[in-house]
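Chemist: Fold the following and give me the result.
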Amino acid sequence: MDLLSRIAGQFEESARTKLSAAEILAGPIADAAQLMVNCLLGSGKILACGNGSSAADAHHFTAKMMGRFERERPQLAAISLCADSPVITALANIYAFRQIYAKQIHTLAQPGDVLLAISSSGRSDNIRDAIEAAQERDMRIVAMTGRNGGYVAELMREGDIHICVPHERSARIQEVHILAIHCLCDGIDCLLMGEDN
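Modeler: Model prediction:
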């Protein structure tokens with residue numbers, strides 16, 4: 001096996017995936033950034049959730065909002081629903097794992113808040129329950145998925161935004177998700193503070 005060629009192939013496939021996704025995803029990412037800015041300017045907050053690598057992406061996004069992305073700005077209201085392990089384990093133990101985000105949304109969310117729901121497959125039961133709970137709270141949804149969007153795609157309503165990476169491999173989907181998160185952070189900063197010269 002030529003490991004160097006295999007690694008180079010991974011880079012090439014990742015680059016091709018990102019370039020082919022750019023045309024499809026630029027519009028939804030821009031719309032999501034505007035939706036989030038409108039929420040934040042209206043004294044709302046962004047709640048983010050996911051599982052596994054997608055939970056890490058939710059953490060990454062909220063850290064950039066509460067801290068900064070590439071330049072200084074006031075902190076922005078964003079909460080990762082994946083962060084509090086005592087709450088998550090209590091909810092999973094008392095109710096069910098699929099309710100770990102929905103219960104937090106019912107507790108923390110207000111109408112006008114935004115849910116960033118991340119699922120590579122679009123088929124995570126706790127993400128589906130989170131979206132349904134957010135809809136009950138009159139929140140808007142930004143969903144990040146891959147493949148065909150799974151049943152998350154079917155839950156999207158008018159005004160919700162679906163950022164669906166057109167690829168089958170989880171690794172490529174997740175690579176585009178982190179790029180999309182960085183584009184969201186940059187877009188939010190530009191909308192709030194103007195372009196960085």
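Chemist: Direction included, what does the longest strand seen in the chain pair up with?
Modeler: If you go by DSSP state E, the chain has its longest strand at strand 140-146. Strand 140-146 pairs in its sheet with strand 114-118 (parallel), strand 161-165 (parallel), by DSSP bridges.
Chemist: Residue 131 is nearest to which of these?
Modeler: Smallest distance to residue 131 across the strands paired with strand 140-146 (C-beta to C-beta): 5.6 Å, for strand 114-118. The way it works is simple: take the backbone N, C-alpha and C, and place the C-beta from them, glycine included.
Chemist: What's the first helix or strand after that closest one?
Modeler: Counting by DSSP states H and E, the element after strand 114-118 in chain order, helix or strand, is helix 125-136.
Chemist: follow-up on the earlier one: need the winner for burial among the strands paired with strand 140-146.
Modeler: strand 114-118 (a mean of 27; mean count of other C-beta atoms under 10 Å).
Chemist: what's the angle between that one and helix 125-136?
Modeler: With axes from the mean of the first three to the mean of the last three C-alpha atoms, to 10 degrees as the basis, strand 114-118 and helix 125-136 are set at 160 degrees to each other.
Chemist: hmm, who's touching strand 114-118?
Modeler: 35-36, 39, 44-50, 54-55, 57-58, 61, 105, 109, 127, 130-131, 134, 139-145, 152, 177 (C-beta atoms under 8 Å, 6 or more residues apart in numbering).
Chemist: Need the CA coordinates for it. CSV is fine.
Modeler: Extracted in CSV, the C-alpha atoms of strand 114-118 (Å, rounded to 0.1, in the frame of the first residue of the first chain):
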residue,chain,number,x,y,z
VAL,A,114,-32.3,30.0,16.7
LEU,A,115,-31.4,26.3,16.9
LEU,A,116,-28.2,25.1,15.1
ALA,A,117,-28.8,21.4,14.7
ILE,A,118,-25.9,19.4,13.3
